[in-house]
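**Q** Build me a structure from this.
(2 chains)
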Amino acid sequence: MADSNLRRLTVELSKESPVNAHFHQRAPSAPVSMASSDESSHSRGEIQLQKSIEELRETEVDYVNDLWFILGRLAPEIKQQDRDLLFGGLDDIHEFSSAIASKFAAVDGLDTPEEQCATLARLFLDEIVDMRNVYGPYCSRQGEASVKAAQLNTQEIDLMISEARKRGETNAFNMNSLLIKPVQRITKYPLLIGQIMKYAPTESSKLLLSDAMNEMKKTLGDINNQKLNFDIVDRYTRPAHHRQQNIINGIKKGLKHNMDRMKPPVAITNATFDDPNDKIFNKEYQIATNVKSR
Amino acid sequence: MEGSKRTEPRIFKIIVVGDSNVGKTCLTYRFVEERFPSNTEATIGVDFREKRVQVDTEIIRLQIWDTAGQERFRKSMVSHYYRNAAAVIFVYDVTCEQSFRNIPKWITEADQHILHTDVPRLLVGTKNDLESQEVIRQRAQRFADANFLPLFEVSAKSESSQSQINAIFLTVAHKLKQQKPLIPKPPGQPVMIEWEEDSRSSCCG
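**A** Have a look, this model is predicted:
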């Protein structure tokens, strides 16, 4: 990991995205209280639009800072041999997100709201392949990483994070809440795009944004499937000792679970102890069948 | 070392789950910020909220994890939210039948990930300020009783619900402090919703 590189990206980003400055320069031109009644609905829409774009832009900056915090501050505290499992792929995501955050910031300099909307939509459509490539592997492995994080003694690290939280440097609580950030971020893009779309000024810009939103949803579906596949492959290819330990844990859990709950017995539910996804699927299937049989 | 730790407030992770658009974010926002988010306020991008509450003489930190936007990816992406959760709040929208019907799925999912029976669980119906109630209180109460879930009906929008929403989280905090289940739950009850009285189509498409 090229730390200095990362730092440079972050610094550049914060230099070239005077997010608030841009926004506040623009804001006075949208009259809030002085608007005549004719214009007020238009202005409100415009204000909402700017707020929505601002939310996309600012939360991206916060997110990039969180990623930087993980790579620059947390990672060095973790033993070399655990770093790949915990943080593998995050440097790519950081690089990608830094770039996209700068592009979001540049949108603010565009003249018309329509141009802003269209540019944002095209931005997502252009970046979507890269996005899938950098986020897919990370999201697939995130479950494993959080298991690993839970095994580590992270008291000192959690303290460090909570100090950073007090200083407003992150809104995460602990290592796991930081590691889950990319999963949270990518799943929020369709919502953020949808919000911007709601206030887009023209039909054509709405249409473009709608395309971007749908493509994002498709990509998320792909990543979700990728994770499911990864889990299945992982289950069958994990080293034997690892797998055995998991099966033992699974049985222990399963026994405890059964004793605790005495769930109605379902043959398939008990077939695999070690994969929570299977269990959910089976239980869902079971519920679905129950519902149908009513 | 032990002594110095004890002065730090205990931390509990609470996850709020339920279908998309049932108002999970507004519910936690109302609790943490004590108001409804204004139209222009960022609610989508914020993932974690924290509030300190006082229970008897102890200060407890409640860390609330927001899954907003990830509900569609339940089978894989959302699963790790459950890790180390100290309490689960199931949320449905009283104006959306489907969101109530999906509660058993959420309960089942939580059961799969949270193996301790003493993790407090609550059921919350939101948007009860709206006229178009599809899930009537009695029916929800029957379901809640059958599943040993305390039931709250609230509106994150109305000011008067603030105390009720505080009550939800304080109930959780209180139980977490004692580390006892909210309603002692005997083993082996099925999770079921009564379907028969309803043939209306879903509001959520």
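**Q** quick one: B:Phe152 is in a strand?
**A** Yes: using DSSP: H, G, I helix; E, B strand; the rest coil, the assignment for B:Phe152 is a strand.
**Q** That one against B:Arg137, yeah?
**A** No: between B:Phe152 and B:Arg137 there is no contact under Cβ atoms under 8 Å: 10.9 Å. The way it works is simple: take the backbone N, C-alpha and C, and place the C-beta from them, glycine included.
**Q** Need the overlap of contacts for the two.
**A** B:Gly125 (Cβ atoms under 8 Å, 6 or more residues apart in numbering or on different chains).
**Q** Give me the more crowded residue out of these two.
**A** Using other Cβ atoms under 10 Å in any protein chain shown, the more surrounded residue of B:Phe152 and B:Arg137 is B:Phe152, with 21 against 14.
**Q** Quick one, grab the pLDDT at that one.
**A** On the pLDDT scale, B:Phe152 is placed at 94.
**Q** same check, this time on B:Phe143
**A** For B:Phe143, the predicted pLDDT is 95.
**Q** same thing with A:Arg122?
**A** Note for A:Arg122: predicted pLDDT of 97.
**Q** what's near enough to touch it?
**A** If you count contacts by Cβ under 8 Å, 6+ apart, then A:Arg122 has A:208, A:212 around it.
**Q** and if you look at the one 5 residues further on?
**A** By Cβ under 8 Å, 6+ apart, the contact list for A:Glu127 reads A:96, A:100.
**Q** Over to it: give its phi and psi.
**A** Dihedral pair for A:Glu127: phi -90, psi -10, per degrees, to the nearest 10.
**Q** any idea how far it lies from A:Leu209?
**A** Distance of A:Glu127 to A:Leu209, computed by Cβ to Cβ, to the nearest Å: 14 Å.
**Q** same thing with B:Gly69?
**A** To A:Leu209, B:Gly69 is 17 Å away according to Cβ to Cβ.
**Q** Below-threshold pLDDT in chain B: ranges please.
**A** Residue ranges of chain B with pLDDT under 70: B:1-7, B:39-42, B:45, B:74-76, B:115, B:180-205.
**Q** Where do the helices of it begin and end?
**A** Remark: helices assigned in chain B by DSSP state H are B:2-6, B:24-33, B:97-101, B:103-113, B:137-146, B:162-178.
**Q** Give me the three-state assignment for the residue of the stretch 51-200 of chain A found nearest chain B.
**A** Using Cβ to the nearest Cβ, the closest approach of the stretch 51-200 of chain A to chain B is made by A:Thr59 at 3.1 Å. At A:Thr59 the chain is in helix, as set by three-state DSSP.
**Q** And it, what's its pLDDT?
**A** On the pLDDT scale, A:Thr59 is placed at 92.
**Q** neighbours around it, how many?
**A** 20.
**Q** Ok, A:Leu208 next?
**A** For A:Leu208, using other Cβ under 10 Å, the count is 22.
**Q** Grab the nearest non-local neighbour of the residue positioned nearest the centre of chain B.
**A** Per Cα atoms, centre = their mean, the C-alpha nearest to the average position across chain B is that of B:Ile89, at 2.0 Å. Of all residues not flanking B:Ile89 in the chain, B:Val16 sits nearest, at 4.7 Å (Cβ to Cβ, 6 or more residues apart in numbering or on different chains).
**Q** Now do B:Val16 against A:Ser204, distance only.
**A** 38 Å.
**Q** And for B:His116?
**A** In terms of Cβ to Cβ, B:His116 sits 54 Å off from A:Ser204.
**Q** the strands in chain A, which residues?
**A** Using DSSP state E, no strands are found in chain A.
**Q** Quick check: A:Ile223 touching A:Tyr135?
**A** Yes: A:Ile223 lies in contact with A:Tyr135 (Cβ under 8 Å); the separation is 6.1 Å.
**Q** returning to that earlier point: neighbour count winner among B:Val16 and A:Ser204?
**A** The residue with more neighbours, out of B:Val16 and A:Ser204, is B:Val16; 25 against 13, by other Cβ under 10 Å.
**Q** Contact residues of the stretch 51-200 of chain A facing chain B?
**A** Residues of the stretch 51-200 of chain A that fall close to chain B, judged by Cβ under 8 Å from any Cβ of the partner chain: A:51, A:55-56, A:58-59, A:62-63, A:139, A:142-143, A:146-147, A:150, A:171-173, A:176-177, A:180-181, A:183-184, A:187-188, A:190-192, A:195.
**Q** Just these: which are in helices?
**A** Residues of those located in helices (DSSP H): A:51, A:55-56, A:58-59, A:62-63, A:139, A:142-143, A:146-147, A:150, A:176-177, A:181, A:183-184, A:187-188, A:190-192, A:195.
**Q** Show me the shaky parts of the stretch 151-294 of chain A.
**A** Along the stretch 151-294 of chain A, the parts satisfying pLDDT under 70 run over A:234-235, A:237-294.
**Q** Repeat the analysis, applying 90 as the threshold.
**A** Within the stretch 151-294 of chain A, the stretches with pLDDT under 90 are A:151-159, A:162, A:165-177, A:187, A:221-294.
**Q** could you pull out the helices for it?
**A** Ranges of helices in the stretch 151-294 of chain A, per DSSP state H, counting those that start in this stretch, are A:155-166, A:175-179, A:181-198, A:203-237, A:240-261, A:276-293.
**Q** Likewise for the stretch 1-150 of chain A?
**A** With DSSP H, counting those that start in this stretch as the criterion, the stretch 1-150 of chain A has helices at A:3-16, A:19-26, A:37-68, A:80-87, A:90-107, A:113-151.
**Q** Going by mean pLDDT, which of those comes out lowest?
**A** helix A:19-26 (a mean of 35).
**Q** Am I right that B:Gln179 is in contact with B:Thr117?
**A** No: the pair B:Gln179 / B:Thr117 is not scored as a contact, 11.8 Å apart, by Cβ under 8 Å.
**Q** So for these two, which sits in the more crowded spot?
**A** B:Thr117 (16 against 12).
**Q** Within its local environment, how many residues does B:His174 see?
**A** The tally of other residues near B:His174 (other Cβ under 10 Å) stands at 17.
**Q** How much space separates it from chain A?
**A** B:His174 sits 21 Å away from chain A, going by Cβ to the nearest Cβ, to the nearest Å.
**Q** Mind listing residues that contact stretch A:212-222?
**A** Contacts for stretch A:212-222 (Cβ under 8 Å, 6+ apart): A:120-122, A:124-125, A:128, A:131-132, A:136, A:186-187, A:189-190, A:193-194, A:197, B:72-73.
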